[in-house]
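Participant: Quick one, structure for this:
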Amino acid sequence: MAERFPPQVTLRDVSRAYGRSFALHRINLELDAGCITAIVGDNGAGKSTLLNLLATIDQPTSGDISYGEMPLAKFARKARHRIGWVSHDALLYGELTARENLAFFGRMYGIDDAQNRVFSWLERVGLADDADRRVREFSRGMKQRLSIARALLHNPQLLLFDEPATGLDQQGKRFVVDLLDDLRSAGRIVVVVTHDFDLLDELADRIVILRRGKLSFDGAPHQLADLVETYRAHA
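Facilitator: Residues are numbered from 1 along each chain as shown. The predicted model follows:
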C-alpha cells in the first residue's frame with residue numbers, strides 16, 4: 001500500500017550556504033495541505049533556493065526538511081515523483097509536439113491511463129487544437145500552459161510554482177487562478193513564487209516574505225493595500 005502523502009512539509013532552522021555566503025539562513029516554516037503559500041521577496045532573497053530545496057534538487061547546508069515523518073533524503077529517494085514543479089525552465093522538448101511531450105512524461109511517470117490523461121490536460125490548458133504542433137512554434141504563453149500540464153499530469157501532491165502566470169494574457173491568468181483554487185480545494189500543498197500582487201491578493205492564504213535569505217514575514221494580509229505595505233516594510 002502506498003504511503004499517504006504528508007499533510008505538512010516542515011523546515012526547521014534550514015540554511016543553505018554557498019561558500020561563505022548564505023542564500024537562506026535559519027528558515028522555520030510549515031507548509032500545509034489545502035493552503036496556498038506565496039513566497040515573495042526581492043531578487044536574491046532566496047526564493048529560488050527555497051524551491052530547489054523543497055523540490056529535493058538541493059539539500060540544506062544545515063537544518064532539516066521533513067515531509068510528514070519522512071526526512072528529505074528518504075523522500076527524495078522514494079517519493080520525489082509526488083512533486084509537481086513549474087519553473088522558469090519549461091522542461092519541454094521543442095522538436096516534439098505538445099501531445100508527444102506530455103506522452104513522454106506520462107511514460108516517465110508510469111501513468112496507466114496516460115493517453116486519456118494527456119488529452120484531458122491538453123483540453124484543460126486550452127491546447128487541444130494545437131496538440132500536434134511542435135512546441136518550438138508555440139508562444140511563451142502556450143509553452144507556459146503546456147508546462148503547467150506537464151507538471152500536473154501525474155497528479156502530484158506537492159505543487160511548486162515559480163511565476164506561474166509568466167507570458168499569460170488575462171484569460172491565461174484566470175486559468176491559473178482557477179487551477180490553483182482547485183488544487184487547494186483538493187487538499188494539495190501549494191507553494192507559489194510570484195511578483196504578481198493581484199494574483200497574491202486573490203489566491204494566497206499566507207504570505208512568506210524573504211529578505212536577504214532570512215524569513216522576514218509570515219502571515220496573511222487580507223487586502224491588497226495591506227499586502228503592498230507589508231511587502232514594502234519587510235522585503
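Participant: Give the bridge partners for residue 29, please.
Facilitator: residue 11 (DSSP bridges).
Participant: you'd agree it is up against residue 11?
Facilitator: Yes - Residue 29 lies in contact with residue 11 (C-beta atoms under 8 Å); the separation is 4.4 Å. For every residue, glycine as well, the C-beta is placed using N, CA and C.
Participant: between the two, which one's more packed in?
Facilitator: When neighbours are counted by other C-beta atoms under 10 Å, residue 29 and residue 11 differ, and residue 11 comes out ahead with 22 against 19.
Participant: Just give me the residue right at the centre of this structure.
Facilitator: For the chain, residue 160 is the residue whose C-alpha lies nearest the centre (C-alpha atoms, centre = their mean; 1.4 Å).
Participant: and residue 43, how many neighbours does it have?
Facilitator: Residues near residue 43, counting by other C-beta under 10 Å: 7.
Participant: does it belong to a helix or a strand, and which?
Facilitator: Assigned by DSSP states H and E, residue 43 falls within no helix or strand.
Participant: what does residue 227 give?
Facilitator: Using DSSP H and E, the element containing residue 227 is helix 224-234.
Participant: what packs against the lowest-mean-pLDDT helix or strand in the chain?
Facilitator: For the chain, counting by mean pLDDT, DSSP states H and E, helix 224-234 ranks last in confidence among helices and strands (a mean of 80). Helix 224-234 sits against helix 197-203, strand 206-211, strand 214-219, with contacts defined as 3 or more C-beta pairs under 8 Å, 6 or more residues apart in numbering; DSSP states H and E.
Participant: can I assume residue 176 is in contact with residue 196?
Facilitator: No - using C-beta under 8 Å, residue 176 is not in contact with residue 196; the gap is 9.4 Å.
Participant: Neighbour count for these two, which is higher?
Facilitator: Set side by side, residue 176 and residue 196 show more neighbours around residue 176, with 24 against 18, by other C-beta under 10 Å.
Participant: Quickly find the element holding that one.
Facilitator: helix 170-185.
Participant: following that helix, which helix or strand comes up?
Facilitator: Defined by DSSP H and E, the subsequent element after helix 170-185 is strand 189-193.
Participant: May I have the strands that pair with that following strand, each with its orientation?
Facilitator: According to DSSP bridges, strand 189-193 has these partners: strand 35-40 (parallel), strand 158-162 (parallel).
Participant: so what does the next helix-or-strand element following the first one touch, helix or strand wise?
Facilitator: When you say that, I think you mean strand 35-40. Next in sequence after strand 35-40, counting helices and strands by DSSP H and E, comes helix 47-54. If you count contacts as 3+ C-beta pairs under 8 Å, 6+ apart, helix 47-54 packs onto strand 8-18, strand 21-32, strand 35-40, strand 158-162, strand 189-193.
Participant: Okay, buried residues for helix 47-54 please.
Facilitator: By neighbour count with 16 or more other C-beta atoms under 10 Å, helix 47-54 contains the buried residues 47-54.
Participant: again, but for stretch 182-197
Facilitator: Buried residues in stretch 182-197 (16+ other C-beta under 10 Å): 183-184, 188-194, 196.
Participant: Restrict it to CA atoms and write it as CSV.
Facilitator: Extracted C-alpha coordinates of stretch 182-197, given in CSV (Å, rounded to 0.1, in the frame of the first residue of the first chain):
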residue,chain,number,x,y,z
ASP,A,182,-8.9,23.7,-7.5
LEU,A,183,-5.6,22.4,-6.2
ARG,A,184,-6.2,24.0,-2.8
SER,A,185,-9.7,22.6,-2.6
ALA,A,186,-8.3,19.1,-3.5
GLY,A,187,-6.0,19.3,-0.4
ARG,A,188,-2.7,19.8,-2.2
ILE,A,189,0.2,21.6,-0.7
VAL,A,190,0.7,24.6,-3.0
VAL,A,191,3.7,26.9,-2.9
VAL,A,192,3.8,29.9,-5.3
VAL,A,193,6.6,32.3,-6.0
THR,A,194,5.3,35.4,-7.8
HIS,A,195,5.6,39.2,-8.0
ASP,A,196,2.0,39.5,-9.2
PHE,A,197,0.3,41.2,-6.3
